[in-house]
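Student: this one's structure only:
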C-alpha cells in the first residue's frame, strides 16, 4: 500500500464534502472477453469485515449505467482535495498509516505496555470539587492522596454502577472517604450504622460529627441505627429526595433471607449506595453477592463480561459448596458422607482418589475469580499497598508499627486441663464424633413421625444449624471464660427444664421459628439476652406468631423426652464439675490477666490497654476482679452504649476528641466497639478469648492503629492461651496448639482461621493465631502493576508517550510456552479471553489479568512473529462471544417456587381484588425472570403465598412496600457499556501445530 503511494501508482483524494457512497469502478483490458467495464455499488466498505465477514448487499453492473457512474466519480475527483499529489500531505498520510493504524508494526513489549496502561486507566476517577480540600483542612483532617484518589475513583464507579464498596483495611479512614463522596455528589442522603457509631446529638462525635464537618447536615443528611431499619424505611419512603445511602459495617447484611435485609434492599432501591466494610472477602460467595445486590441489578449487570451476575454467583456457590463438602467429609468416618465427597470430587476432577492439593488449588482459583468479579465496584487498599505505591508511600509514615502478637500462657492444674479437653472432645463434640450434647429442643424435626431420613429439606437444615450453633456457642464461651460458660449452661438448663415440664404437662412441644433469625443476625454478645427472652416465653406459655406445634406422641423417634432429660443431666454434671475444680474461686486465666496488667501498667503507665472479648458475660465476670485490682481505673462497656459511656470512651481513649480526660487506664469491652471507634490513646489490645475469625483481630487492632493521629510508635497485641503448670515455653506452645486445634475442629465453620486451600494442623493453627494481622493480606495486584508500569515509564519514557497514539485492536504474535490466543477486551474495565489452540472444544476461558500476565509479559528486545493460520478463526470466535443461557433453577428452588405461585395467581379469574393486582403480579414475575432484584426473603414471602387463602393481601403489601413502578425505575437506571477489543496477543510454541490438533 505504502509502496504504491511512493511509486505514484496509487492516487488518493478526499471529497470536499462528506460522502457516504460506495462505488467501485473497474476498466478492464481488451483481452477480457465479454465486457470492457463494470462497476459495483452497495453497502460494503473497503475493509476486511466489509468485504468478507459482515452481511452486506452489493450489485455488480456491466450492461448499462457505466458512463453515468464514471461521470459521477470524475466530477467528485476534479474538485476533491489532493492527498498523495501533495508531498507534505503524502508524507503525513504515510506516517499516520505506519504509526497510527492497524498495520503499524507493534512489538510484544509495546503490546504488553498497552495492556498495563489500559488496566490502570480503568481505575481512573472523576475530577473533584476544588472545595473538598478546603473542607478537609477547615475541620482538622489531613489531606491524604490515597483518600482523595479513593473519592475520585468511587464517584466514577457510582456513576457507572450506582454503588461502590469502600473496603480499605481498618484505620485508613473509610468514614472520611464516604463523607467526601457525599460532599462531591451534592445530593441528600442517609447513613445507616451500628448505634454506637452514630455519635451524640450535639454532633461532636461519630457519624453525626462527620456529616456536620463535611457540610452534609445542611443538605438534610441524617444518621440512623441499623437496628431500627423499619423506621429508616418509613422515613425514606416519606422523603422523596433521599438519593444516597451509606451503610457502615455492611458485612452484617450478608444474609438476604432476613427481614432486615429485605428492608435494607427496599431502602436502597433507586439510590446511590456506598457500602463500608473492611471484610468483603471473609464470606461465602452468596454473602458477597448479597452486598452487590444492594445496588446492582443481578441479571443485567455491568460488572462482568456476561450480564447475568446472578448466574455467575450461582456457579460460584455450587463450586464452593462442593469443595467445602469434600474438604470437610472426605475422612469424616461417616461412610455416606465419604461416598458423597468422592462423587463430588469425581464431578469436579474426573477421579475417585481424592487429592486435597486439587481441592486447594481449585479453592484458590475460585477465591481469585470472585475477587476479579467484584473488582470493578471495589476500592480496597491495605497498608502494604500504601507502602508499595509511590504516590502514597510517604503517607504511611503516619501509621504506627504493629508488633507481632505476644503470647500470655495461663496455667491449668492437671484436673482442670483434663476437664478442658473433656468439654471440647466429649461433652460438645460433633454428634458423629460421640458428642454427648443432644440439643433435642432445637431440632424436634429429626424426632417427628414420618421423617424421611434422606430428606435434607429446609426445615431439617434450619433446625440442625440451630442445634449446631448452640453447641459451638458453648465451646467458644468455655474458651472465653468460666464465667460466660457457666452462665450459658445455667440459661440453657433453665430453658431445657421448662421445656421438659411443658412437654410432660401437655404432650406437645412448641418451637419459636423466629429464634433462628434472631440468633443468626445478632452479635455474639447479644445471644444470651435472646436466650433469656426465649426462656421467659417458655415459662409464661407465650409464643410468637411464627411458631410450630409438635405432637410428641406422633414422633417416629421416641427418644425426644429421653434426650431432653439427658441434656439436663449433662448441664448439672458440668455445673458440679466447675464447682469441684474450684474454677471460680481460683480462676487461673483471670488471675494471670491481673498479674500481667499490673506489670504492664507499671512499665508503661501512659499506654492505655483495651481488653476485648466476644461476650457480655465475660465482661460481667471480669469486671469485679479488675475493679478490685485497679480501683476506678477500669471502664467496662457492655450492652447498649449510653451517652455517658460514649463520652467516657471519647474523652479517655480517642486522641482526636476535642475534650480530653485521663480517668481510665483499662477499657474492658465486647466487640460492640471493635468497629468504627478511634481508641488511639490505647497502645495495647488484649484478646481475652481467641478471635476465631481473623477479621476480628484486624478490627480490634484497627481501633488503636489510626492514620489520623499517631500516639505510639509501636502497638502491641496479646493473645491468651491455656497451658499446664510446670511446662516450659516449648511445651506451653505445644499444649496450647493442641487445645486450640481441638476447639477449631469442634466449632467447625465458626473458625475462619484457615483459607479453603490450607490444611489445618495444630502448629499451623497456632502460627495463624499468632500471625501479625498486617501480614494476613499481601500487596494487591493493582499495586504491583502500578510499580511495574512506573519502572517501565522511567526506563522507556518515549515508548510510554507514543502508545497513546497507537490504534486499538492491536494484534501481535510472540514466542510462548503454548500455542494460544489472549484477547483483552474493555467494558468499563478489562476482561481477558484465553484460548489454548490444543484444546479440542470451542470453549475459551474468561480470566483475570493477574492469571494471564506472565503469558503476555515481554522484553523490550523481543521481536514480533507473524500471526499463525489459527489466529483469525479463534479471534472471530472470541469477537462473537455471547453469554450462554444458564438456567440453574430447580423446581424446588426459592425462585422457581415464587414464579410458580405468581403464574398461578395470574390464572385466577374469580377474585376481583386479585385481578386489579395482576399488572403488579406480572411486574414481579418479570423481575424474577429478567432482573432478579428481589431479596431471598421477599421471594420466600411470595413462595409461601397460598392462592386459596386471600393471596391479594400479601401482594398488596408487596406493592405498597416496593412501589407499583419500582421495576420501571430500575430499568431506567441501567447503563449499557460497550465492549471494545484493545489487544490480541498470540503465543506461538510450534508453528506446525494446527488449530484443534
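Tutor: Right, received. Where do you want to start? Note that the structure is a prediction, hence the values are computed from the model and not measured.

Student: Can you point out the buried residues in the strand or helix carrying residue 94?
Tutor: Per DSSP states H and E: residue 94 is located in helix 87-100. Buried residues in helix 87-100, counted by 16 or more other CB atoms under 10 Å: 90, 93. The C-beta positions use only the backbone N, C-alpha and C, and glycine is treated the same way.

Student: now stretch 400-409
Tutor: 400, 402, 405, 407, 408, 409.

Student: Let's verify the fifth one: helix, strand, or coil?
Tutor: Under DSSP: H, G, I helix; E, B strand; the rest coil, residue 408 falls in the strand class.

Student: What's opposite it in the beta bridge?
Tutor: Under DSSP bridges, the beta-bridge partners of residue 408 are residue 720.

Student: what's the spacing between it and residue 732?
Tutor: Separation of residue 408 from residue 732 (CB to CB, to the nearest Å): 10 Å.

Student: go on, the second one?
Tutor: Counting by CB to CB, the gap from residue 402 to residue 732 is 24 Å.

Student: same deal with the first one?
Tutor: Distance from residue 400 to residue 732, counting by CB to CB: 29 Å.

Student: next one: the last one
Tutor: Using CB to CB, one gets 5 Å for the distance from residue 409 to residue 732.

Student: who touches both of these two?
Tutor: 721, 723 (CB atoms under 8 Å, 6 or more residues apart in numbering).

Student: pLDDT weak spots in the stretch 251-400 of the chain?
Tutor: Applying pLDDT under 70 to the stretch 251-400 of the chain flags the ranges 280-283.

Student: The stretch 101-250 of the chain too?
Tutor: 101-104.

Student: Would you map the strands across it?
Tutor: Taking DSSP state E, counting those that start in this stretch as the criterion, the stretch 101-250 of the chain contains strands spanning 163-166, 189-193, 222-225, 244-247.

Student: ok, how many other residues are close to the residue lying closest to residue 219 once chain neighbours are set aside?
Tutor: In space, and not counting its chain neighbours, residue 219 is closest to residue 188: 5.1 Å by CB to CB, 6 or more residues apart in numbering. Residue 188: 16 surrounding residues under other CB atoms under 10 Å.

Student: Distance check, residue 188 against residue 564.
Tutor: Distance from residue 188 to residue 564, by CB to CB: 55 Å.

Student: thinking again about what came up before, identify whichever of the strands of the stretch 101-250 of the chain lies nearest to residue 782.
Tutor: strand 163-166 (14.8 Å; CB to CB).

Student: Which elements pack onto that closest one?
Tutor: helix 145-161, helix 174-185, strand 272-276, strand 378-379 (3 or more CB pairs under 8 Å, 6 or more residues apart in numbering; DSSP states H and E).

Student: what would those look like in TSV with mean neighbour count and distance to residue 982?
Tutor: As requested, those are exported to TSV (neighbours: other CB atoms under 10 Å; distance: least, CB to CB, whole Å):
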stretch	mean neighbour count	distance to residue 982
helix 145-161	20	18
helix 174-185	24	29
strand 272-276	25	29
strand 378-379	20	22
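
Student: okay if I get those as a markdown table plus distance to residue 498?
Tutor: Below are the helices and strands packed on strand 163-166 laid out as a markdown table (distance: least, CB to CB, whole Å):
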| stretch | distance to residue 498 |
| --- | --- |
| helix 145-161 | 51 |
| helix 174-185 | 45 |
| strand 272-276 | 42 |
| strand 378-379 | 48 |
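
Student: Tell me which of the ones you listed lies nearest to residue 502.
Tutor: strand 272-276 (44.0 Å).

Student: what angle sits between the closest one and helix 145-161?
Tutor: For strand 272-276 against helix 145-161, the angle by axes from the mean of the first three to the mean of the last three CA atoms, to 10 degrees is 140 degrees.

Student: Tell me the helices and strands packed up against strand 272-276.
Tutor: Using 3+ CB pairs under 8 Å, 6+ apart, strand 272-276 sits against helix 145-161, strand 163-166, helix 174-185, strand 244-247.

Student: Would you pull up how far stretch 481-500 lies from the middle of the chain?
Tutor: 36 Å (CA atoms, centre = their mean, to the nearest Å).

Student: what does that stretch contact?
Tutor: In contact with stretch 481-500 (CB under 8 Å, 6+ apart) are residues 423, 441, 470, 473-474, 477-478, 509, 528, 531-532, 534-535, 538-539, 561, 564-565, 567-568, 571-572, 574-575, 578, 583-584, 587, 589-590, 613, 615, 617-618, 620-622, 688-689.

Student: which of those are buried?
Tutor: Among these, those classed as buried by 16+ other CB under 10 Å are 423, 441, 470, 473-474, 477-478, 509, 528, 531, 534-535, 538, 561, 564, 567-568, 571, 574, 578, 583, 587, 589-590, 613, 615, 617-618, 620-622, 688-689.

Student: What residues of the helix or strand harbouring residue 959 count as buried?
Tutor: Using DSSP H and E, residue 959 maps to helix 951-962. Residues 951, 952, 954, 955, 956, 958, 959, 961, 962 are the ones in helix 951-962 that count as buried (16+ other CB under 10 Å).

Student: what about the helix or strand where residue 564 lies, average pLDDT?
Tutor: Per DSSP H and E, residue 564 falls inside helix 560-580. Averaging pLDDT along helix 560-580 yields 94.

Student: So what's the gap between it and the chain middle?
Tutor: Worked out by CA atoms, centre = their mean, helix 560-580 lies 42 Å from the chain centre.

Student: which other helices and strands contact it?
Tutor: Using 3+ CB pairs under 8 Å, 6+ apart, helix 560-580 sits against helix 482-506.

Student: Within the sheet, what are the partner strands of the very next helix or strand once past the helix it packs on, with directions?
Tutor: Next along the chain after helix 482-506, taking DSSP H and E as the criterion, comes strand 508-512. Strand pairing for strand 508-512, determined by DSSP bridges: strand 547-551 (antiparallel).

Student: Just the buried residues of the partner strand, please?
Tutor: residue 550.

Student: Check stretch 15-33 too.
Tutor: Buried-residue list, stretch 15-33, by 16+ other CB under 10 Å: empty.

Student: got a list of contacts for it?
Tutor: Residues contacting stretch 15-33 (CB under 8 Å, 6+ apart): 35-45, 58, 66, 69-70, 72-73, 76, 79-81.

Student: What subset of these is buried?
Tutor: Judged by 16+ other CB under 10 Å, buried ones among the contacts of stretch 15-33: 38, 39, 40, 41, 44, 66, 69, 76.

Student: Nearest to residue 788, out of those: which one, please.
Tutor: When the buried ones among the contacts of stretch 15-33 are ranked by distance to residue 788 (CB to CB), residue 44 comes first, at 43.5 Å.

Student: Doesn't that closest one lie inside a helix?
Tutor: No: applying three-state DSSP, one finds residue 44 to be coil, outside a helix.

Student: Residue 983: what secondary structure?
Tutor: Assignment for residue 983 (three-state DSSP): strand.

Student: about what we covered before: quick check: strands, which of the contacts of stretch 481-500 are part of them?
Tutor: Counting by DSSP state E, those place 509, 613 in strands.

Student: Make TSV from the buried residues of helix 951-962 and add distance to residue 806 and pLDDT to it.
Tutor: Shown next, in TSV, are the buried residues of helix 951-962 (distance: CB to CB, whole Å; pLDDT from 0 to 100):
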residue	distance to residue 806	pLDDT
951	62	92
952	63	93
954	59	94
955	57	95
956	60	95
958	54	96
959	55	95
961	53	95
962	49	95
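
Student: need those in JSON lines with distance to residue 437, can you?
Tutor: Listed next are these as JSON lines, based on distance: CB to CB, whole Å:
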{"residue": "951", "distance to residue 437": "43"}
{"residue": "952", "distance to residue 437": "46"}
{"residue": "954", "distance to residue 437": "39"}
{"residue": "955", "distance to residue 437": "44"}
{"residue": "956", "distance to residue 437": "46"}
{"residue": "958", "distance to residue 437": "41"}
{"residue": "959", "distance to residue 437": "46"}
{"residue": "961", "distance to residue 437": "41"}
{"residue": "962", "distance to residue 437": "43"}
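
Student: doesn't residue 557 fall inside a strand?
Tutor: No: Residue 557 is assigned coil when assessed by three-state DSSP, not a strand.
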